[in-house]
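> Sequence first, predicted model second:
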There are 2 protein chains.
Amino acid sequence: MKLASIDDGSRDGQLVVINRDGTRFLPADGVRSLQQALDRWAEAEPVLRGLARRLDADESASGEVSQARWLAPLPRAYEWIDGSAYLNHMILVRRARGAEPPATLETDPLVYQGGSGALLGPRSPFPLPDPEWGLDFEGEVAVVLGDVPRGTSPAGAGACIRLLMLANDWSYRNLIPAELAKGFGFFNSKPATAFSPFALTPDELGERWQAGRLSGQLVCSLNGERVGQLDTGAGMHFSFHDLIAHIAQTRDFCAGTILGSGTVSNQGDAAGVACLAELRSRELLAHGEARTPFLRVGDRVRIELFDQQGRSIFGAIEQEVTAA
Amino acid sequence: MKLASIDDGSRDGQLVVINRDGTRFLPADGVRSLQQALDRWAEAEPVLRGLARRLDADESASGEVSQARWLAPLPRAYEWIDGSAYLNHMILVRRARGAEPPATLETDPLVYQGGSGALLGPRSPFPLPDPEWGLDFEGEVAVVLGDVPRGTSPAGAGACIRLLMLANDWSYRNLIPAELAKGFGFFNSKPATAFSPFALTPDELGERWQAGRLSGQLVCSLNGERVGQLDTGAGMHFSFHDLIAHIAQTRDFCAGTILGSGTVSNQGDAAGVACLAELRSRELLAHGEARTPFLRVGDRVRIELFDQQGRSIFGAIEQEVTAA
C-alpha cells in the first residue's frame, strides 16, 4: 500500500491512498491524516487497504498524482531520528578532515535527534539564507514507526515498522564543525528535512525489503546531472532493526516517529554519491582540494529510488534552492 | 489562564482549564487537546479564557484537581529542545570533570534536541532499568511555543510564547560521557522528560515574567528533604527570547514546540541544587570525591515553583523511581 498526504491547507494535510503505479490517488475518507492512521493503525490499515483495492479496480473517482500538491507523508512528526548506518560515509567524510571514526564504529550505532515539527514536502523549494553555510543534500532511506516500547530487540523491531520513505536530510556543512565542538550535537546545522511523496508499507516492497534493509537504486542528481546511483542494500552496516533496538534502549517512542538510515554510501567511486560532502571528501583525498562547491541559489536536487524494472518506488524528491 | 491535560485514555488527554488557586478544573468542551488549541490559538484562546472566567465565578460543575490523573500538558510534542541557559550549572559540572566550558559560553547558547514523542506526566513513576546508568533529575523552567518562523529576533520572540511549565529533564549521567564522545549529542542518555501538571499563559505570571525570564523559588526535594531552593530569575544568562532567536536561525518551528531553560542553577552553595550532578560536582571540588549517589529504586523527587506568597504556581512534579 502506498500512502501520501495532499496539501489541503491544513497542518497535516489529507491522507490519500496511491495506486500501484503511482499515478492516481483516492482520499482516505474517514481518516483525516497519516498521523491519525498511525495512532490507530489496527483499525485504519484495513480501511486503507480496502480503498487501495477499490482504486486499483476502478480509477474513475480518483485524482491524478501529477496534478496534486504533495506534502511530506508526515508534514510534522513527533520525532525525527537519523542514523549513520552506511559506515563508508562516515569513514570517508572524517578521513577527509583528518578525524578518526569513533572506536565503536561497527558495534554502537551513531544516531542524532533532529527537528521534526516542520518537515518539507518533496517539491518544497529550499530557501537559502546564506551560501556561506555550505548547503548540502543527503539522500537517505527512512522508516515510519508504530509504537515502540523501551527494550525492543532487533528481532522484535520489524513489527514496529509501518512505512518506508526517502529523505533528503539537508545540512549546513560549514556550521557543523563549530556546533559539534560545543558538544551537544547538531542543531542549527540541520535545517528541515524533506521526504518523498509516497510512503509504502513493507509488504509493498516484496523481496526488496529483507531483514530491515531496502534494496534499490538510489539515484541522486544535481541540476539534471546524475551524481550517484547507489545500491541501498549494500553497505548498510546496521539494519533498521538494529537502529530501532539502539534508540529504544532507554525510552519509548510513539507511533509516527521517523527513523533515517543516514546518507546512503557505497564503497569505491563507481556508484557516486548521495551528498556533496562525500564527493568533496573524495576530491580532497585525490587532488588535495575539494572542487565541487556546496549548493547555491538556483541549484536543483533530485533523489529517487528505482527497482530492477526501472520503476520509481517512492516518487521523486525534487527541490530547488531559492533565495531566502 | 492555567491549562492542563487530564488522562482520559487517549494519546493527548483531554484539555482542561484550572482555576486560579489550582484546586478545580473544567473540561474544555469543543477543544479536545492542548495541541489542538495551540494549532488554532487565535480561536481557542478566547474560548478557553471564557471557560476560566466561568470556573472562577461558579465552581459547581467543576472537578477536583486532587482527584484527577494528570498527563504532561503536552503528553507528546512535536519538538522538545533544551537549553543550558544557567551558565553556573555548566561551569560547575565541567569544572568537576576537569573540562573547560566552550569558548563561546556567554555569546552562543547551548541547546540540544531531545525526544518529544513520549513525555511523562507529573506523577509518572520512573522505571529504572539499570542503576549503573546514573539516574539524575534536573529541575527546569520550560515554555510552549506557537509557530516560530525562521529568523525570529529576540525582540519578536516574546510573542511566540504561549505557556510556561516546569520540567524534570531526567538524565543518565553515566551514559553521557561515552555518548557525547561519539560527537552526535545526547540520545540514550536522555530518557523521557516529565512536566508539571499546569501550563500557564504568561499574563497569569504577572510581574514574575519579565523579558523572557521567570522569577520564582524552585524547590527541589529528594525523599522529602529539600536539596535546592533556587531563584529562577537569577543566573539565567540567556533569556527564553535569546534561546528562541538562537534555535530559529536556520528553521521554522510549529506550534506546540517545547523549549527548556536547562537546569536552574544559582551561584554559591546557599541555594542548593536542582540536580544531583551539581551537588556531586560541589562535593568533588570540596572533598575530592562525590558523596551523594545517583538515584535508586524507591527514591522520590519533587520539583515545584513558589511565588513570594508561598503559592505553588505550576503544581508539583513528584515522581518515584521504580523497578523496571
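Everything's here; your move.

> Every contact and neighbour count from this point should use C-alpha atoms.
OK.

> Can you give me the buried ones in the helix or strand hosting A:A178?
In the assignment (DSSP states H and E), A:A178 maps to helix A:176-181. Residues of helix A:176-181 classed as buried by neighbour count (16 or more other Cα atoms under 10 Å in any protein chain shown): A:176, A:179-180.

> which is the next helix or strand following it?
As assigned by DSSP H and E, the chain's next helix or strand after helix A:176-181 is strand A:194-195.

> residues in contact with that following strand?
Here strand A:194-195 makes contact (Cα atoms under 8 Å, 6 or more residues apart in numbering or on different chains) with A:72-73, A:119-122, A:124, A:165-170, A:317.

> what's the farthest-apart pair in those?
The distance between the two most remote of those (Cα to Cα) is 17.3 Å, for A:P73 and A:W170.

> who does the strand or helix carrying A:I244 touch, helix- and strand-wise?
Element membership for A:I244, per DSSP H and E: helix A:240-247. Packed against helix A:240-247 by the contact rule (3 or more Cα pairs under 8 Å, 6 or more residues apart in numbering or on different chains; DSSP states H and E) you find helix A:154-157.

> what's the average pLDDT for the helix it packs on?
For helix A:154-157, mean pLDDT is 98.

> Just the closest residue of the stretch 101-250 of chain A to chain B, please.
A:G185 (3.8 Å; Cα to the nearest Cα).

> In this structure that residue contacts B:F187, no?
No. Using Cα atoms under 8 Å, A:G185 is not in contact with B:F187, being 9.7 Å away.

> which residues do the two both contact?
A:Y112.

> So which residues on the stretch 151-300 of chain A come close to chain B?
Counting by Cα under 8 Å from any Cα of the partner chain, the residues of the stretch 151-300 of chain A lying close to chain B are A:180, A:182-192, A:247-254, A:257.

> Recalculate using a threshold of 6 Å.
Within reach of chain B by Cα under 6 Å from any Cα of the partner chain, the stretch 151-300 of chain A has these residues: A:182, A:184-185, A:188, A:191, A:250-251, A:253-254.

> residues touching A:T201, list them.
Going by Cα atoms under 6 Å, 6 or more residues apart in numbering or on different chains, A:T201 touches A:1, A:162-163.

> so is A:R251 in a helix, a strand, or just coil?
coil (DSSP: H, G, I helix; E, B strand; the rest coil).

> Tell me the pLDDT of the nearest residue to it once chain neighbours are set aside.
Excluding the flanking residues, the one nearest A:R251 by Cα to Cα, 6 or more residues apart in numbering or on different chains is A:R150, at 4.8 Å. pLDDT recorded at A:R150 is 98.

> Same question for A:A181.
88.

> same check, this time on A:R53
95.

> host element of A:M165?
With DSSP H and E as the criterion, A:M165 is inside strand A:161-168.

> what's next to whichever helix or strand comes after that strand, contact-wise?
For strand A:161-168, the succeeding helix or strand toward the C-terminus, using DSSP H and E, is strand A:171-172. Strand A:171-172 is touched from outside by A:133-136, A:189-190, with contacts defined as Cα under 6 Å, 6+ apart.

> Who does strand A:171-172 pair with, and is each partner parallel or antiparallel?
Sheet pairing of strand A:171-172 (DSSP bridges) gives strand A:135-136 (antiparallel).

> Can you check what angle separates whatever helix or strand comes next after the strand it pairs with from strand A:161-168?
Remark: after strand A:135-136, the chain's next helix or strand is strand A:139-145, criterion DSSP H and E. If you take axes from the mean of the first three to the mean of the last three Cα atoms, to 10 degrees, strand A:139-145 sits at 150 degrees to strand A:161-168.

> Give the rounded mean pLDDT of strand A:139-145.
On average, strand A:139-145 scores 98.

> helices or strands up against it?
In terms of contact count using 3 or more Cα pairs under 6 Å, 6 or more residues apart in numbering or on different chains; DSSP states H and E, strand A:139-145 is assigned the packing partners strand A:161-168, strand A:258-260.
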